[in-house]
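*Asks:* The following comprises the amino acid sequence and a computationally predicted model.
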Amino acid sequence: MTHDPLPGAPETPGSDAPDGLLAALAALSADAPQGLLDRIAARWVGVPSPIGELRVAFTDQGVAYVHTGEGFAEAFRKRFARPLLPAERPPAGLLPALRTGRSSKVRLDLRGLSDFQRDVLEAARTIPRGEVRPYSWIAERIGRPGAVRAVGTALGRNPVPLLIPCHRVTRSDGVVGDYVFGSAAKERLLLAEGADLERVRELAGERVFYLASDTTGVVCFPTCHNARRITPRHRHGFRSIAQARAAGYRPCRTCRPAS
């Protein structure tokens, strides 16, 4: 596999300290010990995705960075302070994960993140394809119900979008909200996954944020696969989980609309 030069990459290997170290390793008369290079540098590949060509950096620990558009090399170096080398092939599971939106089997390198950031991203990773959750759900899920703004900031700093599907976290009023690759890309991803955003917006306009079934006694988020099976005659909408509980419904154990 051949690779075009990275945009903004230094023209000479020894133009900074990390690349100078790589040049020194390359000049050794004997090969470097197995795995040493991967502990110093990251590898990168260009891969297709539902929103166009991506550049993906990965280490011996897993995928560390996903980027689209210009400035990949500069952004990676600024964030991780590691040099980049082209890889012969993508890491295991990456292409199927990008194609299907199911990434649980892809190893991720989340070193350098705070515990809070890691908790936010791990919670977002549990949201199934075709479903959305509000920012407040993430905050409740990680035991920080008052940290909704901080949750949004952490999602905006997600180093591996698509693999950790922060695009599935939206505003409670049905507006998709901000996204590292732009709100248009976020909506495009959600629609491609089958999320009924128009229905979510209609319900939000009616101040309905949860749907319950009088046959199961369960209340869900509107995009939960259980909610999508409720027939109109058995469907009831609620503004809050407290309101649904007062009517005798219990929160869904799948989408977990209340902590």
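*Replies:* Okay, I see it.

*Asks:* all strands of the stretch 51-200 of the chain, in order?
*Replies:* 54-59, 62-67, 84-86, 133-134, 169-170 (DSSP state E, counting those that start in this stretch).

*Asks:* Pick the most buried one from those strands.
*Replies:* Most buried of the strands of the stretch 51-200 of the chain, by mean neighbour count (mean count of other Cβ atoms under 10 Å): strand 169-170, with a mean of 26. From N, CA and C alone the C-beta is placed, and that goes for glycine too.

*Asks:* Out of the strands of the stretch 51-200 of the chain, which is closest to Arg99?
*Replies:* Comparing the strands of the stretch 51-200 of the chain against Arg99 with Cβ to Cβ, the closest turns out to be strand 54-59 (12.0 Å).

*Asks:* Tell me the strands beside the closest one, with direction?
*Replies:* Paired neighbours of strand 54-59 in the sheet (DSSP bridges): strand 42-47 (antiparallel), strand 62-67 (antiparallel).

*Asks:* Give me every residue in contact with it, excluding its own residues.
*Replies:* Residues from elsewhere that reach strand 54-59 (Cβ atoms under 8 Å, 6 or more residues apart in numbering): 6, 38, 42-48, 63-68, 72, 76, 80, 82, 84, 87, 90-91, 94, 98, 109, 162.

*Asks:* are any of these buried, and which?
*Replies:* 6, 42-47, 63-68, 72, 76, 80, 82, 84, 87, 90-91, 94, 98, 109, 162 (16 or more other Cβ atoms under 10 Å).

*Asks:* so how far is Glu53 from Asn125?
*Replies:* One thing to correct before we go on: residue 125 is Arg, not Asn. From Arg125 across to Glu53, the span is 23 Å (Cβ to Cβ, to the nearest Å).

*Asks:* Tell me which of these two has more neighbours.
*Replies:* For Arg125 versus Glu53, neighbours defined as other Cβ atoms under 10 Å are more numerous around Arg125 (16 against 10).

*Asks:* returning to what we had before: Pro251 is nearest to which of the strands of the stretch 51-200 of the chain?
*Replies:* Here strand 133-134 is closest among these (Cβ to Cβ), at 13.1 Å.

*Asks:* Note down every partner strand of that closest one and its orientation.
*Replies:* Short version: by DSSP bridges, strand 133-134 pairs with strand 169-170 (parallel).

*Asks:* Please name the nearest non-neighbouring residue to Arg239.
*Replies:* Closest residue to Arg239 apart from its sequence neighbours, by Cβ to Cβ, 6 or more residues apart in numbering: Arg207 at 5.1 Å.

*Asks:* so how many other residues sit close to that neighbour?
*Replies:* Arg207 has 11 nearby residues by other Cβ under 10 Å.
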